[in-house]
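# Sharing a model prediction with you, sequence too.
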2 protein chains.
Amino acid sequence: MKITPVKGTNDYLPAQAELREELKRRIGETYVSCGFQRISTPILEDIENLDKSEGGDNLNLIFKVMKRGDKLKKAIEAGDPDRIADLGLRYDLTLPLSRYYANNRASLPQPFKVIQMDKVYRAERPQKGRLREFMQCDIDILGSDSPSCEIELMHTTAKALLNIGIDNFKIKVNDRRILKEILLCAGFAEEDLDSVCITFDKLSKIGASGVEEELKGKGFGEEVIAAFMKMIDNAPFTLDYVRTLCKNTEYIDTLAMIIDTANELAEGRYSAEYDMTLVRGQGYYTGTVFEIESLEFGSSIAGGGRYDNLIGKFVKEQIPAVGFSIGFERIFSILSERKDILKDKPGKIVLFYEEKEIADAIRKAESMRETYAVSLFVRPKKLGKFLNKLEEQGYDGFMVLGKDDEVRFFSE
Amino acid sequence: MKITPVKGTNDYLPAQAELREELKRRIGETYVSCGFQRISTPILEDIENLDKSEGGDNLNLIFKVMKRGDKLKKAIEAGDPDRIADLGLRYDLTLPLSRYYANNRASLPQPFKVIQMDKVYRAERPQKGRLREFMQCDIDILGSDSPSCEIELMHTTAKALLNIGIDNFKIKVNDRRILKEILLCAGFAEEDLDSVCITFDKLSKIGASGVEEELKGKGFGEEVIAAFMKMIDNAPFTLDYVRTLCKNTEYIDTLAMIIDTANELAEGRYSAEYDMTLVRGQGYYTGTVFEIESLEFGSSIAGGGRYDNLIGKFVKEQIPAVGFSIGFERIFSILSERKDILKDKPGKIVLFYEEKEIADAIRKAESMRETYAVSLFVRPKKLGKFLNKLEEQGYDGFMVLGKDDEVRFFSE
């Protein structure tokens, strides 16, 4: 038998599991308090739903679940690998949400403000150090195209981060429609916009000259590339500057309002900023995109955007939707050494007893369980050594039944 | 695209998800307060670990996950269905716990009192109406053979049930070693005991004559069957009676102590009773077995037992272990109509606003979020109809921004 967990998945020790639980609790508490509602969807989805979804690269990372019984036999005899699986593990929470909404729409409020905090699976190559099983914490608003939704999602996600002790971050915001308008005005053709966006997304990594190089490599005309480079070369990437580049400024006005309102509500605790280069990978985003960057840890800790066309794949009409997802695993790795997050939890103590006193020990423990989490241990022969281990494992103190009147805290 | 969830799995609506969350919270709170510690293990396990485990019938119900890339190609070319999968979804939480303990033993307290509340998967035939994805809530004590463990598990599990409003239940207890001692004394051979146990387990369903019939069918000698039938025919199935049948009474004495102590601690809120016919299905149980029967709903709502040999399959020595599992899905279906469980949660209200007032609306909502979960909705044209829907969906009241000074509760 193999004793290590499957590559790319983790066993969590008690202290880690406790921290993860507390982070989930606080994030969920914020979401609920802001009027979002929990739902739960299965980890297994129909393989066709997954395969036909707009998951981009994630479609290559689906864990596929084999058919069973006669159906499996037939599929193997047919020798077609694509017919061996009938189910798969979801690679995100957005596809299941779209299916869920289509399935349960009549029973849901309109618009629907929804929380999903659950596990997703991606068959990443383990050597990359990426997790294959990980938590996502998503809030979404379905059925409204109002920019109030974006403001609420930014406010609520920021509040959840503050509630787990993460401050010093900024929310970067863009609207893909603005970027496309800029590209159109530069002279790119409608059908080339997605390809140009993908290159432009790399600006901060490869610089303006790198972008120019890559666009040339993709075979775009010299003239349109030159016009575009003139727009972005040493440009102040502000909404006011971008306004001078565009004919249609509707989306710019809306985005300016979203960013101003978010900053007003932030009251200085964080900031919201326009980021002209923000694109985000998922194919399904249609408008606003967000990303939260931790300034302390220099990494992206949340992201999302508007996806007005995805749910329409399941229902026969367009249902506007926008979501924001906290990168739980990133947060967990950032906070994994921060014991102060658990300081308000009830103390954990051990009550030692002699084997035959078990009934008295349980009664004594019960009398203290309003105040502490009380774990019962038969008194070991070498108490001192045992106590050292308990302290290492995060216990706060102990009592010996019939001997101590009060808890003896390790910190005293 | 298919809009229904995969057969045997469920989409949970907001009210259902809220109840499930609250049940999990209360069960977890009880476990933690009683000194058990949470851990978390992956849903994916190595397929060999699953296939070689002592899962009995569950081994036929494993969802197998296909290999990927070149390894998949090779396996399909080889035409061997047993080589196509390298991973599987766990069918219970006990096998992953055993692997986890072997993997992390040096970092864990001894004995280790552990909580697992997570999803497991079984490819049941959907027409049976059984779930293929379901929650289990387990507590286990690893590394101690003391009967105090059994007492603690019974006490803690009963307390968790009381904490979610389930009373009127009894804990049935047996020890497989007592049953085997009875069978040995009746004259059955050591190697036949498991087979006889499986038949005897059906006593309450098929009656004494049914048991006799089946034992005859299995080809046991007439004399030994007659001796056994004399023991069980119209017998008072008490420990005192059973004591008269056995030579070795060690396990009887211990079980009597466990049951007496559990009843003493129950203080009349529930009862613990010896049940000579209780066997429980899993192949890995070695001693005590428990089951909790709801007298109100007439069904089994929790079960467990001692499995002293399972962890030894992962580590090179015998590690005694005992666990008790609450049947979460059974509990959820019993309680799904009981709205009083959520009555202590903060009220859910809606704040209506005009689109352009979003910043003021969020500020007003924030000022009330210490008291209520406040959801923001743009004021709809037909407010009355909308309010009816909100009330149906479990909201408690509403306010219109700039118009109402106080919450207008639906109940008033």
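That came in fine, so what should we check first? Values in this document were obtained by computation on a predicted structure and should not be read as measured data. Numbers count the residues shown, from 1 in each chain, chains lettered A, B, ... in the order given.

# pLDDT score assigned to the nearest residue to A:Gln16 once chain neighbours are set aside?
Once its chain neighbours are removed from consideration, A:Gln16 has its nearest residue in A:Ser336; the separation is 6.9 Å (CB to CB, 6 or more residues apart in numbering or on different chains). Every C-beta, even on glycine, is put in place using the N, C-alpha and C of the backbone. Taken from the predicted model, the pLDDT recorded for A:Ser336 is 85.

# next one: the one 4 residues further on
You'll see A:Asp340 listed with a pLDDT of 78.

# Flag every residue of the stretch 101-250 of chain A that's near chain B.
Taking CB under 8 Å from any CB of the partner chain as the measure of proximity, the stretch 101-250 of chain A contacts chain B at A:102-104, A:107-109, A:111, A:113-114, A:119, A:121, A:123, A:132-133, A:144, A:146, A:148, A:151-152, A:155.

# on that earlier part again, how far away is the residue nearest to A:Gln16 from A:Ala15?
Here the criterion is CB to CB, to the nearest Å. By it, A:Ser336 lies 9 Å from A:Ala15.

# Tell me which of those two has more neighbours.
Counted by other CB atoms under 10 Å in any protein chain shown, A:Ser336 and A:Ala15 do not tie: A:Ala15 has more neighbours, with 17 against 13.

# The more buried one: which element?
Assessed by DSSP states H and E, A:Ala15 sits inside helix A:14-33.

# So is the helix or strand that that helix is followed by next to chain B?
Secondary structure here is assigned by DSSP H and E; on that basis, the next helix or strand after helix A:14-33 toward the C-terminus is strand A:37-38. Yes. Where contact is defined by CB under 8 Å from any CB, part of strand A:37-38 touches chain B, namely A:Gln37, A:Arg38.

# Helices of chain A, residue ranges please.
Read by DSSP state H, chain A holds these helices, from start to end of the chain: A:14-33, A:47-51, A:69-78, A:94-104, A:148-163, A:176-186, A:193-200, A:203-217, A:222-232, A:239-245, A:250-266, A:328-335, A:358-368, A:383-392.

# Convert the second one to CSV, retaining C-alpha atoms only.
Pointing back at helix A:47-51 there. Included here for helix A:47-51 are C-alpha records, laid out as CSV according to Å, rounded to 0.1, in the frame of the first residue of the first chain:
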residue,chain,number,x,y,z
ILE,A,47,-18.3,14.4,-19.4
GLU,A,48,-20.0,16.0,-22.4
ASN,A,49,-20.9,19.1,-20.4
LEU,A,50,-17.2,19.4,-19.4
ASP,A,51,-15.8,18.7,-22.8
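
# how far does that helix sit from the chain's center?
Between the mean C-alpha location of helix A:47-51 and the chain-wide mean there is a distance of 22 Å, by CA atoms, centre = their mean, to the nearest Å.

# Pretty sure A:Arg20 is one of the things the residue nearest to A:Gln16 touches, is it not?
No. Checked against CB atoms under 8 Å, the pair A:Ser336 and A:Arg20 is beyond contact range at 9.2 Å.

# Touching both of the two, which residues are there?
Taking CB atoms under 8 Å, 6 or more residues apart in numbering or on different chains as the contact criterion, A:Ser336 and A:Arg20 have no common neighbours.

# residues in the stretch 301-412 of chain A within reach of chain B, list them.
Taking CB under 8 Å from any CB as the criterion, the contact residues of the stretch 301-412 of chain A with chain B come out as A:313-315, A:346, A:348, A:350, A:355, A:358-359, A:362-363, A:365, A:369, A:373-378, A:389-390, A:393.
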